[in-house]
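**Q** A structural model of the following input is requested.
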Amino acid sequence: MEIRKLERWEEWFESDRIIGTAFLHGWDEKKAEEEFRKQGTGETPRTEEAWGLFDEAGRMQTSFVTSSRKVYFEGAVIPVSEINMVGSLPEARGYGNVRAMMAAVLRDFRARGDLFAVLHPFSFAFYRKYGFDLVTERLTQKFPVEELRDFSCTMDVRQARSESEIPALKALYERCVRNKNLADVRSEEDWAYRGNGEYGAPDWWSKSQSYTYIFSDTEGDRAYLKFVFEHGPEGPFSGDLRAKELVFDSPAAFFSVLGFIYGMRAKLEHVILEIPEDIHMSFLLPECDHAEEKLGGHLMGRVLDAKKVLEQMKQPEGSGSYVLRVTDGFLPEAGGTFEVTYRSGRTEKVEESAETPDLTLSIQTFSQLAAGLYSLSEALYRPGTELSGKKEMLERVFIRKMIDAG
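**A** Numbering: from 1, shown residues only. Reported below is the predicted structural model:
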C-alpha cells in the first residue's frame, strides 16, 4: 500500500473517476480529461489537492480531494484545510483504506501548520470515527411574508449590479465577520463579479438567479442581502424568497432588510432564512407559531494541534491557570495534557503537564468548545468529559461564541 499526494494530471483524472464512481455521479470522461490536461499545463489554475492510495499492483483504489483555506479564529487569521471529497472504489471497500488515508492526510495538514481540518459530511457518524464533530449549526426558518408587516425599511437600498459594488460588499463582509470563529477569509475569486448581479462561484446546489441588495444610511453601508426566488407549486408567479447570505452590523440594519423583503409581498408567499446568527424569528413575529424552525448540522471540524489552539484562544479577564487533558484516539499527537496560564484575556503560556487535569475531554468536544459552538455546562453532558476542579474559571474559558461557516 502506498499513500501520496498526486502531482500529474493523469493521476488527477483517475482520482476524479474514482470519486465519481464512489458517489455514483455521472462522469464525463472526455470533459474530465480536457479539464485536467489544462490544469497540468497551467492553462487553467488548480485550486485543489488530490491524494491517492495505491494497492500493491500500483492501482489507485481510494482518493481524497482537499483544499487549503484561511478563516478567522478569535479575531486572527489562521490556516485550515478542508476535505472536499472522500471516495473508494466499491471493490476496494472494507480494507481500512479510508482510515489509512485519513491518518496520512491529517498528519500532513498538521505538519504544515493547520489548526483545524473541516469538511461537509455525508454522514456525521462516519467522520466522528476520525475525531471530527459538528462545529457549526445552521438554523433554517420559514414563515409567511405577511408576518413581516410590522417591519419597514428605513435605509437606502441599491442593487449590486456591477463590479463596482464588489468592494462595498467585501468591506461590509470583512467588518461584520472578523470576530466570528471559522468565518472564511474570502479570496479574490470568491468576490469575482460574474455579471447580472451575481458574484463568486455559482451555488453548487441551486442554479437559480441570485439577487444582491445593499442597505446604507448616513453612516455608510450597513447590510447586504443575497437571495434567490424559488417558484411555488403554481409556477413562477408566486413563491418563496430564500436568503442565501445576509450580513448586517446592527438590529436596525436587520430590521430594514426584513422591511425590504416585506415590500416584495405581492410576489412572495414565504421567507426562508438560513443565517448563522442565533436569531429566532418566533421572538420577533406577531404570530410566533407561524415560524417553522429546523436546526441542522452544517460543518464538521477537528483540532489538529490542541496546544497551538490553546495558545490562540481568548481567555477570561484577570489572571489564572488550569490544566486541560485532551484525548484523541485517532491522532494522539493532536491531544495531550497542558497547563494553560493566562492574563488579561490572552494566553501567556501553554506547557505540557503531568499534573491532575481540572478538565478532561475528547478531541471532538474540545474542537466544539474551542470553536465556541457550546459552553462548558453543555459539554459536561458529552461522554468522556470529566470536570475535576476550577469549575467557575473554566465556565469563563469555554463559552458560546459567534460562529460563521457559511
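
**Q** Leu139 sits in which helix or strand?
**A** For Leu139, the enclosing helix or strand under DSSP states H and E is strand 133-144.

**Q** the most far-flung residue of the chain relative to its centre sits in which helix or strand?
**A** Distance from the C-alpha centroid of the chain, by CA atoms, centre = their mean, peaks at Ala57 (38.1 Å). Element membership for Ala57, per DSSP H and E: none, as it lies in no helix or strand.

**Q** re the thing from before, list of residues touching the strand holding Leu139?
**A** Contacts to strand 133-144, defined as CB atoms under 8 Å, 6 or more residues apart in numbering, come from residues 116, 118, 124, 182, 240, 269-276, 278, 280-281, 285, 290-302, 364-365, 367-368, 371, 373, 403-405. The way it works is simple: take the backbone N, C-alpha and C, and place the C-beta from them, glycine included.

**Q** just the buried members of the residues you listed?
**A** Among those, the ones that count as buried by 16 or more other CB atoms under 10 Å are 116, 118, 182, 240, 269-276, 281, 285, 291, 298-302, 364-365, 367-368, 371, 373, 403-405.

**Q** where do the strands sit along the stretch 151-300 of the chain?
**A** Assigned by DSSP state E, counting those that start in this stretch, the stretch 151-300 of the chain shows strands spanning 156-159, 193-195, 198-199, 210-217, 220-232, 235-248, 268-275, 292-303.

**Q** show me where the stretch 1-150 of the chain has helices.
**A** Using DSSP state H, counting those that start in this stretch, the helices of the stretch 1-150 of the chain run over 9-22, 29-41, 97-111, 124-128.

**Q** redo those as TSV? Include distance to Leu53 and mean pLDDT.
**A** Below are the helices of the stretch 1-150 of the chain laid out as TSV (distance: least, CB to CB, whole Å; pLDDT from 0 to 100):
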stretch	distance to Leu53	mean pLDDT
helix 9-22	10	94
helix 29-41	19	94
helix 97-111	5	96
helix 124-128	17	94
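
**Q** so what's Val280 up against?
**A** Small correction: residue 280 is His, not Val. His280 touches 139, 141, 291, 293, counting by CB under 8 Å, 6+ apart.

**Q** try 10 Å this time
**A** The neighbourhood of His280, defined by CB atoms under 10 Å, 6 or more residues apart in numbering, consists of 139, 141, 288, 291, 293.

**Q** any idea how far it lies from Gln141?
**A** From His280 across to Gln141, the span is 7 Å (CB to CB, to the nearest Å).
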